[in-house]
Every structure is written in structure tokens, then in C-alpha cells.
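# take a look and give me a structure for this.
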Amino acid sequence: MALSGKLTKKLVENLGAGRHGDGNGLYLVVDPSGARRWIVRVVVKGQKNRKGAPLRTDFGLGGADIVTINQARERALEYRRMARTGLNPRFNATRDIPTFEEFAKQVHIDRMPTWKNAKHGQQWINTLRDYAFPKIGRMPIDSVDQPEVMMCLAPIWTEKHETAKRLAQRIKTVLDVARSKGFREGENPVTAIKDAGALPKVKKKVRHHKAMHWRDVPAFYADLKSRNAMAAKALMFTCLTGSRTGEVLGMQWGEVDPDARVWTCPAVRMKTGADHRVPLTDEMLSIIEPLRAMQSQYVFEGQKRHQPLSNMSMLMLLRRMQVDDVTVHGFRSTFRDWASEVANAPREVAEMSLAHQVGSDVERAYARSDLLDKRRALMERWSEFATN
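Purely as a prediction, here's the structure:
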């Protein structure tokens, strides 16, 4: 026979933020974020706190999305029975605590719909797989503390600092979620390590993408234009638009409005997470319009039908052209230098042309225009320069 209480399944799912009693020391705690977890309050017989009063303690029983109301009542009853006999549930209760690896994989699954793309989602779990799971993967999630986190971070903190920072953030996320579901208590050890300055400060090394000087662009572009390879056409378009590799290679015909002379790159492919309109010049349209005849889903189709060129296609073309000291991304810097030194373009126009965020959050909130007309004039000048 199931145990009874004041709460129902419907109440558990719909109650607002706060602590809601079921009776006999069992509570449903609803955080402002909407996270729901069970706790039980017990008084351990014969044990005193530091002030000499009876030892009254709250224990987490798990998240309400994992532990049902009946399971919570059964666990609460188990805790009360132990407390009545003088046993502290913290040291004597048997709980189904997931391992760090088990819980991290579940967090990854839960967050799949929020990833910008599948690649980012895979990178998230791969970092934990490579640097955390071998050391703390089999540990119960409630046993991971500062020494265990340090075991993961310290070996790569200086040599692979960017990776280590991402690892720290992902471990912190897993432990935060575990706490919200009632599997952990207290401060996140990643936060404690950071606040204590337990890891050495690492000076960030600025790495610039190798860029071509703007004076060399016309000759380079002429060489590109003499080539028929799809990679050459994609690289020409990339140079003229100042776009990122992924933005161009993922370009689909539905994003192109030839009448308005605009390409709208959707938020899912943009680093800023917002749609970006790119004004199309005559030269840009002359590159892509003949490709419509291929009737492909993608503007720059690769070797496989209805699939885009590979990410390495343009870089490999540069190497075949023996342009070894330049990267594809570097052409964004080339354009930016030209816009400043030659075109004397206003900073906000040049930066918006590269889909960079300009100004503070407040300034961006009031500056709603994307300066399309001004950017169009700048891109027309850039196309004329490149093809001169």
C-alpha cells in the first residue's frame, strides 16, 4: 500500500517557488528557476548540534523529475526510522546516487536542444570524456569535491589552458545541475577553487589569423577568378563578403534574395546568435547566380550531392596556390584593415560588416539598425578594389 501525504502528483508538477510540506518532515522545494527537489527533515535521537540542541538536519532525496512522490515518501520514512534509532542518515542511508559520468551524460542529453549545432554539443561531452571521466567518472556525483576537480584541471591548466577553462565550466555545470536535483549540497568546488586562486594565473596568448595585406588582394583575386574549382568560387565569395568559413559553406539558396540583393545568414550559423544580412554586390552575384543551374540545396556544393564543400576545401586551395602564410579567416582582417586605411569607413560600419557586436549592451539595445545601406556602399567599394 502506497504511503499518503498532502501533496499530489499534479501539485508536485505545478506548485510555485518555495518549500511545500507533504507531512512527516518531507518537503518539495521549488527553486525560482523551476527546478524541483525533495528534502526530508529529521531529528537524530541522542545527537546534539553545536549549541547542544537536538540535531535537526535536512537531507536531499533527489530531483522531483527523477524521484516520484511515492519514492520520496518511502525514502523519507527510511530516514526517519534511522534517526529514531540514533543513526545519522548522512552516513547510513543507502541512496541511488549516479556516478559523475552517468549524470554528465544525462545533462548532455537534456541540453541537446539548446546547442547551437551538433558539433558544439559533441565538443561539450568530448571534453569531459577526455579529461574528467578517466579520473572521476566512476565516482558518485555527491563525492566529487575540490581535490577531485583539481585532479582533472591541474595537469592541463597551463599547457592547454583554453581547454582547461572549458573543462572547468562543464564540470561546474554538471555539479550545479546535480545540486538542483538534490544529489549534492554546499558550494560548487569549481567555484571554490576559482575563489581561492588555487590554480596559477595563465597569461592568455593572443593568436592572430595570418592575413594577406590588402594591397595583394587584386592580384590574388585575379588568380582565383581564373580557376573553375568550386572551392575557388567559395573563396572569392568569402573574400568579398568578409564572412566566416562556416557561414559561407552552409549557405543555401533559400537565404539569398537576388531582387533585394541580400543574403541573410541565419542565427544558427552566426557566432553572434542573430541573423546577419549581407549586401550582395554585382561581383558577388556574378559568382553565385551561375551556380543555380546545379539545382543543389547548397550554393557551394561539394563532391556529394546536396552537401556543402568541406571545411578544409578553401584552405587546401590556398596551399595548392602556394599561399602558405594566409588563412581563410584572415581575409576578414584584410578587409578590416582596408576599410580603415583606404576607405576610412566609420568603425561601426566596418565592424557590422564583419558581424561583430558594436558597443555595450545598452548601446546595442537602442541601436536597432544594421546599417545595411551604409554597409552596401562599403562592400561595393571593396568589390571594386578587389576586382581592379
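# which ones are touching residue 371?
Counting by C-beta atoms under 8 Å, 6 or more residues apart in numbering, residue 371 touches 348-349, 352. The C-beta positions use only the backbone N, C-alpha and C, and glycine is treated the same way.
# ok, now residue 372?
Contacts of residue 372 (C-beta under 8 Å, 6+ apart): 262, 277, 279.
# cool, residue 324 as well?
Contacts for residue 324 (C-beta under 8 Å, 6+ apart) come out as residue 318.
# shift numbering so it begins at 11
Got it, the first residue is 11 from now on, which makes the last one we talked about residue 334.
# what separates it from residue 245, distance-wise?
15 Å (C-beta to C-beta, to the nearest Å).
# going by neighbour count, which of the contacts of residue 381 comes out on top?
Using other C-beta atoms under 10 Å as the neighbour criterion, residue 362 leads the contacts of residue 381 with 22 neighbours.
# so it is in contact with residue 379, correct?
No: counting by C-beta atoms under 8 Å, residue 362 does not reach residue 379; the two are 9.2 Å apart.
# nearest residue to residue 266 other than its sequence neighbours?
residue 273 (5.2 Å; C-beta to C-beta, 6 or more residues apart in numbering).
# tell me if the one you found really is in a strand.
Yes: under DSSP: H, G, I helix; E, B strand; the rest coil, residue 273 falls within a strand.
# any weak-confidence spans in the protein?
11-12, 100-106, 126, 214-219, 369-378 (pLDDT under 70).
# what residue in it is the furthest from its centre?
In the chain, counting by C-alpha atoms, centre = their mean, residue 56 sits farthest out from the average C-alpha position, at 50.0 Å.
# what are the pairing partners of the helix or strand harbouring it, and which direction each?
Per DSSP states H and E, residue 56 falls inside strand 46-58. Taking DSSP bridges as the criterion, strand 46-58 sits next to strand 36-40 (antiparallel), strand 64-73 (antiparallel) in its sheet.
# tell me which helix or strand comes right after the last one.
Secondary structure here is assigned by DSSP H and E; on that basis, the next helix or strand after strand 64-73 toward the C-terminus is helix 79-94.
# helices or strands next to that following helix in the packing?
Here helix 79-94 touches strand 28-33, strand 36-40, strand 46-58, strand 64-73, helix 99-102, going by 3 or more C-beta pairs under 8 Å, 6 or more residues apart in numbering; DSSP states H and E.
# possible to save the ones you listed as TSV with distance to residue 233?
Shown next, in TSV, are these (distance: least, C-beta to C-beta, whole Å):
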stretch	distance to residue 233
strand 28-33	69
strand 36-40	64
strand 46-58	63
strand 64-73	61
helix 99-102	72
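# what's the closest of the ones you listed to residue 155?
Across the helices and strands packed on helix 79-94, residue 155 has its closest neighbour in helix 99-102 (15.0 Å, C-beta to C-beta).
# helices or strands next to the next helix or strand after the closest one in the packing?
Counting by DSSP H and E, the next helix or strand C-terminal to helix 99-102 is helix 110-120. On a contact count with 3+ C-beta pairs under 8 Å, 6+ apart, helix 110-120 meets helix 128-141, helix 143-146, helix 171-190.
# return the most buried member of these.
Most buried of the helices and strands packed on helix 110-120, by mean neighbour count (mean count of other C-beta atoms under 10 Å): helix 171-190, with a mean of 19.
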